[in-house]
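Participant: sequence and predicted model, in that order:
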Amino acid sequence: MHLHPFGYPILSTHRRLLQHAWQQDRALFGYCFLYTLAAAFYPFLAVLVPRYLLAELTRPEGARIQALLVILVVFFSLSSVLGFVQHIIRGHCKYRFTLLRLNYAGELCHKLMTIDYRYMEDAHFFDQYNQSFQAVQNNDNGIEGNYNKMFEAPSQIITILILVLLIGSQSPILLLGLLLHLFISFLVQQQSLRYAFTRREEIGHQYRRQNYYANTSSDFSYGKDIRLYHLADRILAHFSTAIQGYTQIIRQIENRKLLFSLASLCTLLLSDTLTYGILSLQVWQQQITIADYSMYISAILNLTSIATLFLTSLASLVQDGQYIHDFFRLSDASLTAARGNHPAFRSGTLRVEFRDVSFRYPGTDRDVIRHLNLTIEPGERLAIVGINGAGKSTLVKLMIGLFDPTEGQILINGVPTTDFSREALQEMFSVVFQDIHVMAFSLRENVTCQTGASNDQRVLAALQAAGLGEKLASLPKGLDQVMLKIIDPEGTEFSGGESQKLAIARALYKDGRMVIMDEPTSALDALAEKDIYQRFDQLIQHKTAVYISHRLSSTQFCDKIALFNEQGLAEYGTHKELMALHGEYYHMFTVQGRYYQKGSVSHEYLEQD
């Protein structure tokens with residue numbers, strides 16, 4: 001176990017940042033060299049010019065106008081040139097540092113989209129790594145902030161060393177007092193930031209809470225519910241509670257910082273007393289002139305200012321480095337379980353077998369599924385019905401590899417799901433989930449889920465089969481129409497039913513070996529649902545299909561029906577067999593029957609998942 005004085009490997013963390021910069025943009029190092037030359041010597045103009053001006057003005061025989069003009073011209077010329085060089089280089093490098101940060105942000109996005117899905121439903125995971133996400137989210141802190149600080153550091157170090165030599169040569173005691181103050185100030189900054197880091201998970205949790213309520217209030221998809229059900233007061237109350245929790249932590253951090261800063265105040269008073277006392281005494285004893293006095297005062301003020309800025313940046317660099325280290329730890333972490341490399345089945349359809357499967361969600365102690373044994377034969381249509389919380393949607397997540405069973409096995413054509421890679425396993429399934437997510441892409445990309453070449457004939461056929469033919473004809477840009485208005489103000493917003501049809505078109509286009517529909521038609525009326533199911537069933541031909549639905553339409557044409565309750569799989573068989581049992585399915589069917597017996601629409605609600 002390695003012990004690090006700053007709580008993490010500071011040198012290797014920042015060496016990794018520099019290696020990344022070297023690989024991505026080597027010109028930055030040349031710009032840094034030029035910037036250092038200009039910025040390191042720029043402060044000395046403010047130290048030396050007053051000294052020479054005062055020396056000239058206090059000449060016993062009187063000041064020489066020509067000499068004063070030369071001093072002023074040289075000062076303004078050098079300051080203009082050096083200041084201009086700094087400004088140009090700094091501005092030119094700023095966007096380069098932003099690009100470096102965005103490279104890391106892209107890596108983070110890729111990581112979050114490829115890690116095992118179970119982490120996406122783990123609040124502790126996001127509490128733990130929330131601050132590492134902050135490492136790539138703004139220009140002033142985290143990765144980009146530390147690049148900027150490292151860019152400035154060489155010039156600051158050179159300036160500080162020269163000023164230390166200048167002041168130390170005049171009075172070592174004065175220098176020691178000044179360095180003591182700067183050292184104590186650095187320790188105060190470091191301890192304050194270290195304490196803030198120990199509270200990072202609490203800050204992350206409270207930040208996620210307030211961010212959720214802030215996003216909810218500005219997300220127009222919630223707008224109707226907020227107004228109709230008067231949710232504004234409730235959202236604001238939760239938002240206020242989250243803000244109070246967040247500010248309470250920040251207040252505690254600031255109080256600790258204030259307590260630490262008392263020590264820095266004492267050393268500041270000592271340093272100032274030594275500075276003005278020693279230099280004033282030397283003037284009185286005629287050891288230095290008034291011109292020298294002004295130079296040393298200016299040098300001390302510059303040293304204090306630059307060293308304070310450097311040490312503050314150093315403390316911030318050390319602190320942000322902890323978050324960057326967490327970011328690298330997340331980036332390097334193996335958050336995908338080891339799996340096999342069995343290829344996906346790309347022809348025929350699938351046989352799925354649950355063999356004594358039990359499952360509980362991470363961080364919980366209750367089995368959602370207990371010792372399930374169920375086989376879905378090739379080409380079979382299985383309807384899954386049951387009450388809320390019975391684990392119907394969880395079955396889907398297990399089948400497609402979003403989660404692995406806690407106990408038991410799931411076999412695809414006799415091969416355990418863990419023998420497939422995630423990609424190979426999920427390639428075999430076309431799934432339509434209950435929660436539909438339309439992306440701010442073109443309609444074509446929403447169907448194909450790819451940015452490369454696509455088969456527009458297949459896209460059109462999928463949209464037509466899903467019942468979106470007329471909608472497509474009404475769109476001004478056809479398949480190129482951008483969805484949603486969040487990016488394109490001329491984007492199209494689909495209704496809930498249209499969005500579900502789009503998700504069905506996406507599944508049809510994918511053409512997986514097995515089809516799963518997890519209540520995808522809940523926003524459609526019964527007639528539209530019946531039409532979709534009939535056309536969908538014809539299109540999938542002989543593929544194995546699972547329909548999770550709360551309406552009878554999904555049970556009418558299925559080969560088998562599986563009814564789940566809180567104890568697990570309660571009833572299994574054909575519609576006729578289950579009706580003959582006079583059990584839960586019979587009760588659900590007969591109770592719901594009165595809603596459609598008299599109407600032409602023979603589809604109503606079973607119990608909703």
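Facilitator: It's in.
Participant: quick check: what element follows the host helix or strand of residue 132 along the chain?
Facilitator: Take DSSP states H and E as the rule and residue 132 turns out to sit in helix 123-134. Downstream of helix 123-134, the next assigned helix or strand under DSSP H and E is helix 142-170.
Participant: pull out the buried residues from that following helix.
Facilitator: 142-156, 159-160, 162-164, 166-167, 170 (16 or more other CB atoms under 10 Å). Placement of C-beta: from N, CA and C, glycine included.
Participant: now stretch 55-65
Facilitator: 55-56.
Participant: and that stretch, average pLDDT?
Facilitator: Averaging pLDDT along stretch 55-65 gives 80.
Participant: correct me, but residue 491 touches residue 480?
Facilitator: No. In terms of CB atoms under 8 Å, residue 491 does not count as a neighbour of residue 480; the distance is 11.6 Å.
Participant: settle it for me: which of these two has more neighbours?
Facilitator: Neighbour comparison, residue 491 and residue 480: the larger count goes to residue 491, with 16 against 11 (by other CB atoms under 10 Å).
Participant: enumerate every residue touching the more buried one.
Facilitator: 440, 481-485 (CB atoms under 8 Å, 6 or more residues apart in numbering).
Participant: and which of those residues is nearest residue 557?
Facilitator: Checking the contacts of residue 491 against residue 557 by CB to CB gives residue 483 as the nearest, at 31.5 Å.
Participant: with distance to residue 500 and neighbour count as added columns, please give the contacts of residue 491 in JSON lines.
Facilitator: Formatted as JSON lines, those follow (distance: CB to CB, whole Å; neighbours: other CB atoms under 10 Å):
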{"residue": "440", "distance to residue 500": "18", "neighbour count": "14"}
{"residue": "481", "distance to residue 500": "18", "neighbour count": "19"}
{"residue": "482", "distance to residue 500": "20", "neighbour count": "20"}
{"residue": "483", "distance to residue 500": "14", "neighbour count": "22"}
{"residue": "484", "distance to residue 500": "16", "neighbour count": "17"}
{"residue": "485", "distance to residue 500": "19", "neighbour count": "13"}
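Participant: restricted to helices, list those.
Facilitator: Assigned to helices by DSSP state H, none of the contacts of residue 491 qualify.
Participant: strands along the chain, start to end?
Facilitator: Assigned by DSSP state E, the chain shows strands spanning 352-359, 369-376, 381-386, 407-412, 415-416, 429-432, 514-518, 544-548, 560-565, 568-573.
Participant: mind listing what's buried along the first one?
Facilitator: Of the residues in strand 352-359, 352-354, 357, 359 count as buried by neighbour count, 16+ other CB under 10 Å.
Participant: next, format those as JSON lines and append pLDDT.
Facilitator: Shown next, in JSON lines, are these (pLDDT from 0 to 100):
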{"residue": "352", "pLDDT": "96"}
{"residue": "353", "pLDDT": "96"}
{"residue": "354", "pLDDT": "96"}
{"residue": "357", "pLDDT": "95"}
{"residue": "359", "pLDDT": "93"}
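Participant: out of these, who's nearest residue 214?
Facilitator: The nearest one, if we look at the buried residues of strand 352-359 relative to residue 214 and count by CB to CB, is residue 359, at 34.5 Å.
Participant: hmm, residue 405 and the closest one touching each other?
Facilitator: Yes. The pair formed by residue 359 and residue 405 meets the contact definition of CB under 8 Å, at 5.3 Å.
Participant: out of the strands of the chain, which gets nearest to residue 96?
Facilitator: With CB to CB as the criterion, residue 96 lies closest to strand 429-432 of these, at 42.6 Å.
Participant: so where's this protein shaky on pLDDT?
Facilitator: The model of the chain has pLDDT under 70 over residues 1-6, 200, 218-224, 227-230, 260, 451-452, 520-532, 550-554, 592-609.
Participant: and the helices in the stretch 201-350 of the chain?
Facilitator: Using DSSP state H, counting those that start in this stretch, the helices found in the stretch 201-350 of the chain span residues 223-228, 232-284, 290-332.
Participant: would CSV of those with mean neighbour count and distance to residue 374 be doable?
Facilitator: Shown next, in CSV, are those (neighbours: other CB atoms under 10 Å; distance: least, CB to CB, whole Å):
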stretch, mean neighbour count, distance to residue 374
helix 223-228, 11, 37
helix 232-284, 14, 41
helix 290-332, 19, 37
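Participant: please name whichever of the ones you listed is nearest to residue 412.
Facilitator: Closest approach to residue 412 among the helices of the stretch 201-350 of the chain is made by helix 290-332 (31.4 Å; CB to CB).
Participant: and the closest one, what does it pack onto?
Facilitator: For helix 290-332, the elements it packs on are helix 10-24, helix 27-57, helix 65-114, helix 123-134, helix 142-170, helix 172-198, helix 232-284, judged by 3 or more CB pairs under 8 Å, 6 or more residues apart in numbering; DSSP states H and E.
Participant: okay, angle between the first one and helix 142-170 too, please.
Facilitator: Spelled out, it's helix 10-24. Here helix 10-24 runs at an angle of 110 degrees relative to helix 142-170 (axes from the mean of the first three to the mean of the last three CA atoms, to 10 degrees).
Participant: what does helix 10-24 contact?
Facilitator: Everything outside helix 10-24 that qualifies as a contact, by CB under 8 Å, 6+ apart, is 4, 28-29, 99-100, 103-104, 143, 146-147, 150, 317-318, 321, 324-325, 328.
Participant: do that again at 10 Å, thanks
Facilitator: Around helix 10-24, the neighbours that count as contacts under CB atoms under 10 Å, 6 or more residues apart in numbering are 4, 6, 9, 28-29, 32, 96-97, 99-100, 103-104, 143, 146-147, 149-151, 317-318, 320-322, 324-329, 331.
Participant: what does the fourth one give?
Facilitator: Residues outside helix 123-134 that contact it (CB under 10 Å, 6+ apart): 105, 108, 112, 115, 118-120, 122, 141-143, 196-197, 199-208, 211, 320, 322-331, 333, 335, 362-363.
Participant: buried sites along that helix?
Facilitator: So, applying 16+ other CB under 10 Å, buried residues of helix 123-134: 125-134.
Participant: and for the second one?
Facilitator: In terms of neighbour count (16+ other CB under 10 Å), helix 27-57 has its buried residues at 28, 31-32, 35-36, 38-40, 42-45, 47, 49-56.
Participant: just how off-centre is it within its chain?
Facilitator: Relative to its chain's centre, helix 27-57 lies at 42 Å (CA atoms, centre = their mean, to the nearest Å).
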